[in-house]
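Asker: Dropping the sequence and predicted coords here.
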Amino acid sequence: MTTFSVDIPEVETDRLILRPVTLDDLDEVAAFYASERSQFVGGPAERPDVWRIIAYLNGHWLLRGFGYWAIEEKATGACVGMCGFIFREGWSEPELGWQVFEAAEGKSIAFEAAQAARAYGAAHFGLEGVISHIDPANARSAALAERLGARFERHGELLGKPCDIYRHPLSGEVRA
């Protein structure tokens, strides 16, 4: 029997730890995917489907060498969202994405996590100037992308749905 393993790095910020998504996070992730808050990332979804999402996220690390992290709040140890990179078969390039659970909303957690993920991805995975696919109805995510320095590039399509594609700056590039 062939076994595979991959070391998923941890990334720390002042308030957060980006770490592997584990089955210990299933309750928090399932609660997010059970809510309408997940509508822009493929939800709502039932708990068995969320288990499959966690397996997919971890498998992405094995297949691509990069992927999504759980966002853990240092102060509480709670999983408060997920953030990282996805590059699915058929996509033109890698995407930086984020999901923040309701309890973490409005605390700049998504900004801090995405900024750390993007810097780590550029430094360690060669992921420079990545894109983010954003549903046109997701104004909060578009505002976060712009706060991160990303700029609207074009209208596109993702998994059969319209999306807006935002381009993130290269490392060291400053955008006003």
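Answerer: Arrived safely, thanks for sending. Residues are numbered from 1 along each chain as shown.

Asker: Now do the SS call for residue 58.
Answerer: Using DSSP: H, G, I helix; E, B strand; the rest coil, the structure places residue 58 in helix.

Asker: now the helices: where do they sit in this structure?
Answerer: 26-34, 47-64, 109-125, 139-147 (DSSP state H).

Asker: who wins for proximity to residue 90 among those helices?
Answerer: With C-beta to C-beta, the closest approach to residue 90 among the helices of the chain belongs to helix 47-64: 13.5 Å. Backbone N, C-alpha and C define where each C-beta goes, glycine included.

Asker: Kindly calculate the angle that the closest one makes with helix 109-125.
Answerer: With axes from the mean of the first three to the mean of the last three C-alpha atoms, to 10 degrees defining the directions, helix 47-64 sits at 30 degrees from helix 109-125.

Asker: Neighbours of the residue lying closest to residue 161 once chain neighbours are set aside, how many?
Answerer: Nearest non-adjacent residue to residue 161, counting by C-beta to C-beta, 6 or more residues apart in numbering: residue 135, 7.2 Å away. If you count neighbours by other C-beta atoms under 10 Å, residue 135 ends up with 16.

Asker: Show me where the chain dips below the pLDDT cut-off.
Answerer: Along the chain, segments meeting pLDDT under 70 span 2-3, 38, 40, 174-176.

Asker: where's the residue nearest to residue 28 when sequence neighbours are not counted relative to residue 153, distance?
Answerer: Leaving out its chain neighbours, the residue that sits closest to residue 28 by C-beta to C-beta, 6+ apart is residue 79, at 4.6 Å. Note on residue 79: its distance to residue 153, by C-beta to C-beta, to the nearest Å, is 31 Å.
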